[in-house]
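J.: model the structure of this input:
(chains A and B)
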Amino acid sequence: MTRAPFRSLVPHLVLGLVFAWSCWHVASIRRVAVDTDKVTLRIGHWMLHAGMRESFDLAITDYQKLHPDVSIEQIPVPIRSYAMWLRTRLVGETAPDITGLAAVGEEIAGRYYLPLDAYASQPNPYNSGTPLEGVPWRDTFVDGLESVRNLLGPVSGELYGVNLQINTLRLYFNRNLLRAVTGSDAPPVTFAELRALGDQIAAYNARTGAKLVPIASCGPYSRYLFNTLVPSQTQRFAVESSPSLNLSVSPQDMATAFLRGEWSYATPAFRSGLELMREVTSLMPPGFSQLERDDALFAYLQQQAVMFYAGSWDYGVLVRDGPFQTGVTSLPLPDRDDPKYGRFVLGPISEAAGSPEAILGITRTSRHPEVALDFLRFLSSRRIATTFSRESHRISSVVGTPPPPDAPGLAPVLNGEVNGFGIDFTYLAGGNTNRAFQNNLHRALGPKGDLDDFIKAVETTMPENLRRDLAQAAFGQQREIRRLDSQLAFALTRSDPKPSEWSRLAEAQSIRQQERLPIVQEFFP
Amino acid sequence: MAQPLSRQKALREWKLYFFILPSLLFIGVFSYFPAGSAIYHSFFDWQGGDNKQLIGFENFSRALHDPVLWNSFGTVSVLIVFNLFKMIPAILMAVLIHRLKSDRAQYGYRVLLVVPMIVPGLVTLFIWKFFFDPNLGVLNNVLDFTGLKTMLVHLDKFFGWDVFFANAPIGWLSQPALILPSLFLWGFPWIGAVGVLIYLAGLQSIGQEVYEAAELDGVGPFQKFLYIELPLILTQVRLSLVLLIIGTLKDYGLQLVLLGDTGGPGGRGMVPGLWMYNRAFIAGEFGYACAIGMVLFLFILGLTYLNNKYVRVDK
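T.: As a prediction, this is how the structure comes out:
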């Protein structure tokens, strides 16, 4: 064979080999025989952080030993695509039996998930032999599942899921680096000490030629940092100026106050919050807003940063992958004695409200809802909660579950004052105002940042954005109230109407209507 | 050239049409149905679930008064101009490969161009995101190493840009003023395999006698390109132009990966496709996102019509 024809055979050979290999690969995938007597449950979630999948695997193995007729399959989905994955699965009626409830509002929860109220008042059978034996399932959670109810059923008051864990945000610090910089591994306790630590790190860098950054950060995590710091400035304001007189300011309260001109970013507490944000960005790496979580994590694990402000969900990765000891502390906030920020502060903040994590619900399309409910109870039992806590290094939401043995500092601090509120309208429906805030933040926080420039830029389009967002919020509430009409009609026309059920629905509808109507009458007559 | 078929003859062979029915069915289900659904839902306030409320042309009215949408068209117009400029290196590369005397060398360069195509586009995007990293990225390190950063700082002081600072790394994706330049830089040296191969195919159809005649007339290499090669590949250039405009208008993957769903700081990187994605999957306004899709479709249709009508190639 001549060289030219042989050379032309080479790509055909490569193609043939690759095709043959892929055929073999496909043919060799073994199909697990489907046992029609077995119940197969699928559980889909986004919790790919260190220890979570392993914890689910352990729980599944234990459950399957107890119930050999049940087979459970875990479907982990990356968080970046989880919202889209879930939405398309729900609409297409192909969602797993149990899914994590992320980026799900009340409309979606009510339409696609089973309400769990009736079961929440029954004891969890998997808690027998523990101090939680005989306790209603709802009360075995630290907050009685109120955070989940407020999140997924604010209008109807329905419960659509249970949260296995509570998130807290913590300042992690590299003990070795801290010792090298300051001579001690004691973390900063006040904001003034944090500020001073930033100066110490700068001096250390100048002395040694190192390029340490005080706090590793990124776009998403910087928002956590700001949303922890800024409420310290609106804490006193929330108590003194709460429109609903409930010691808090809702996104709608804030939106209406801004539209009426009663509040603005020039209001001293809000401006102080912006100044605090500006000051803390000097402790973060340049260009942090374009970075993602993995970049910040990488910088911390590579010992390019002394500290890392992140969630309790990240602790497992730091323990697993960090070649150094990581300490855990709460973010030092300005206290009342702080000369610059202290006048707006009421006191240390309580984390009792908590932030529910790992919320799981049962989809209406599940073929085995009773088995799914049983597995959900199993997951939220004291014994399995302890396994999760140990393996994933996270804080369980089940009462009495010990925190991870190596990180007691992750547990929420329950004593303290009420929290303030964020000033970026994150939770206002529509997102237009928040987007304008985030898109202009560089004016305040950049190398030549100017707060007045930022305030002017944001407040120029603010009335229009707020109106749009309020209209969306009002429209969404109206849709929810109308949805309750059908539930109320059903509850009232049953052969045995339960007063507890229809009166709760009627009350929820009435309260929402009272909240919505003044806004509509004032801003959308 | 095929002769037109009479109606009677066409209908006599009616059984043959059953062979194309399956393909038509697939196209109908996977191409036309989603488009039809988008048109239908653009008249509704729809959040992606079962509940939807007919609101008529309200979504379109909102789109007409949406400053973010119209600013995004401005951004995408700038990106189209950038991409027009980025066609030039591909054309030049095709010409250089075409002019190689050795067939083996030509083949070798073609293979070298095609091999990177096996790398998934998303991987390339993530690599470029790393390039743009202010602290660890290759771009900043190269600028520091070559001294170009110092030059940029001086130029910044002279022109008053306020984006390059001596004591801070360049935030390519964190400063609004640098978003569009970063999107321009992306893909450097802008030699796309598909473009080069399309132009090369056009160049290879030019007969050798044309070159011989040109050499006899004493035409230089640049004049050969300007008067022979470029006019004869204008058909391919026109095809690339249409694909480029359509692609730039509807694509948003680059912006989503590099800048996130808000288009980066200041929303400078927001393009219509990304705004449509943002409204659908971040704000949950699926009906409005469908309306944006319709506006975008009309834009692309209009531009394609103008391109076909006015960008002619005289054979």
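
J.: please count neighbours and contacts with C-alpha atoms only from this point.
T.: OK.

J.: chain neighbours aside, what residue packs nearest to A:Ser128?
T.: A:Gly134 (7.3 Å; Cα to Cα, 6 or more residues apart in numbering or on different chains).

J.: so where does that neighbour fall, helix or strand?
T.: If you go by DSSP states H and E, A:Gly134 is not part of any helix or strand.

J.: close to chain A: what parts of the stretch 151-300 of chain B are there?
T.: Counting by Cα under 8 Å from any Cα of the partner chain, the stretch 151-300 of chain B comes close to chain A at B:162, B:168-176, B:259, B:262, B:264-267, B:281, B:283.

J.: buried among the residues you listed? Need that as a selection in ChimeraX.
T.: Those of those that count as buried under 16 or more other Cα atoms under 10 Å in any protein chain shown are selected in ChimeraX with:
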select /B:169,170,171,172,173,174,175,176,259,262,264,265,266,267,281,283
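
J.: how is chain A partitioned into domains?
T.: Here the domain assignment for chain A is A:39-162+A:357-404, A:169-344, A:458-523, based on automatic domain parsing.

J.: okay, those in JSON lines with mean pLDDT and mean neighbour count next?
T.: JSON lines is the format used below for those (pLDDT from 0 to 100; neighbours: other Cα atoms under 10 Å in any protein chain shown):
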{"stretch": "domain A:39-162+A:357-404", "mean pLDDT": "91", "mean neighbour count": "19"}
{"stretch": "domain A:169-344", "mean pLDDT": "92", "mean neighbour count": "19"}
{"stretch": "domain A:458-523", "mean pLDDT": "84", "mean neighbour count": "16"}
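
J.: I'd say A:Pro403 and A:Arg394 touch.
T.: Yes. Applying Cα atoms under 8 Å, one finds A:Pro403 in contact with A:Arg394, separated by 7.1 Å.

J.: who touches both of the two?
T.: A:Leu410 (Cα atoms under 8 Å, 6 or more residues apart in numbering or on different chains).

J.: picking that back up, relative to chain B, how far out is the residue nearest to A:Ser128?
T.: Counting by Cα to the nearest Cα, to the nearest Å, the separation of A:Gly134 from chain B is 39 Å.

J.: could you do A:Ser282 as well?
T.: Taking Cα to the nearest Cα, one finds A:Ser282 at 12 Å from chain B.

J.: next one: phi and psi at that residue?
T.: Phi and psi for A:Ser282, reported as degrees, to the nearest 10, are phi -70, psi -10.

J.: in the stretch 151-300 of chain B, what residue is nearest chain A?
T.: As assessed by Cα to the nearest Cα, chain A sits closest to B:Gly266 within the stretch 151-300 of chain B, at 3.9 Å.

J.: quick one, what contacts the nearest residue to that residue once chain neighbours are set aside?
T.: Of all residues not flanking B:Gly266 in the chain, A:Asn439 sits nearest, at 3.9 Å (Cα to Cα, 6+ apart). By Cα under 8 Å, 6+ apart, the residues touching A:Asn439 are B:262, B:264-267.

J.: so where do the strands sit in the stretch 51-200 of chain B?
T.: Taking DSSP state E, counting those that start in this stretch, the strands of the stretch 51-200 of chain B run over residues B:52-54.

J.: ok so, going back, turn the contacts of A:Asn439 into CSV, including secondary structure.
T.: As requested, the contacts of A:Asn439 are exported to CSV (DSSP: H, G, I helix; E, B strand; the rest coil):
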residue, secondary structure
B:Thr262, coil
B:Gly264, coil
B:Pro265, helix
B:Gly266, helix
B:Gly267, helix
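
J.: so who does residue 272 touch?
T.: No chain in the question, so chain A it is. Contacts for A:Ser272 (Cα under 8 Å, 6+ apart) come out as A:233, A:341.

J.: correction: the question concerned chain B.
T.: With Cα under 8 Å, 6+ apart, B:Pro272 has these contacts: B:69, B:72-73, B:76, B:249-250, B:252, B:292, B:296.
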